[in-house]
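I'll drop the sequence and a predicted model, then ask my questions.
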Amino acid sequence: MTNKQGYAAYANNRIMTASPAELTMMLYEGAVKFCNIAIDAIDHRDVAKAHKNIVKVENIISEFQATLDHKYPVAKDFDNVYTYLQQRLLEANIKKDKEILEEVLEHLRTMRDTWKDVMKRAGTGR
């Protein structure tokens, strides 16, 4: 087994054994990572790489929206935030605008850090 295959097996196992709270954290971490990659790609004028990673962030936000439980009133607020982030990501992708991505990144980091605090308080943190 090569190192790449070993890592893939480890990553797959990590996902398959994660709790819903941990999966949410992984998605936030992925969104932050891909947003950072897109920003770096714009800095290096790599349009294809920027596009690819912006789309990855959009897909993660879409997953968050699709899994909102609308029986809770707060879901509407999250849906509005996710819709806003999707609009900004679309604009950033069209314009390849680093500043817009940095704004989105700040929101994603705040949401990730808040989720991390929620996990700790609920006793599901790492």
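Yep, it's here. This structure is a prediction, so every number in the text was calculated from the model and none was measured. Numbering: from 1, shown residues only.

Grab the most central residue of the protein for me.
Centroid-nearest residue in the chain: residue 31, 2.2 Å away (criterion: C-alpha atoms, centre = their mean).

I'd like to know which elements the host helix or strand of residue 121 is packed against.
Per DSSP states H and E: residue 121 is located in helix 98-122. With contacts taken as 3 or more C-beta pairs under 8 Å, 6 or more residues apart in numbering; DSSP states H and E, helix 98-122 sits against helix 20-43, helix 47-66, helix 74-95. Yep, even glycine has a C-beta here, placed from its N, CA and C like the rest.

Okay, buried residues for it please.
Buried residues in helix 98-122, defined by neighbour count with 16 or more other C-beta atoms under 10 Å: 98, 100, 101, 104, 105, 107, 108, 111, 112, 115, 116, 119.

The first one contacts residue 43, doesn't it?
Yes - under the criterion of C-beta atoms under 8 Å, residue 98 makes contact with residue 43 at 6.9 Å.

Return the helix or strand in this protein with minimum mean pLDDT.
Lowest mean confidence among the helices and strands of the chain (mean pLDDT, DSSP states H and E): helix 3-16, at a mean of 63.

now, which of the buried residues of helix 98-122 sits nearest residue 38?
Nearest to residue 38 among those, counting by C-beta to C-beta, is residue 101 at 5.7 Å.

Spit out the contact partners of the closest one.
35, 38, 39, 42, 54, 89, 92 (C-beta atoms under 8 Å, 6 or more residues apart in numbering).

which of the residues you listed has the most neighbours?
Highest neighbour count within these, by other C-beta atoms under 10 Å: residue 38, with 28 neighbours.
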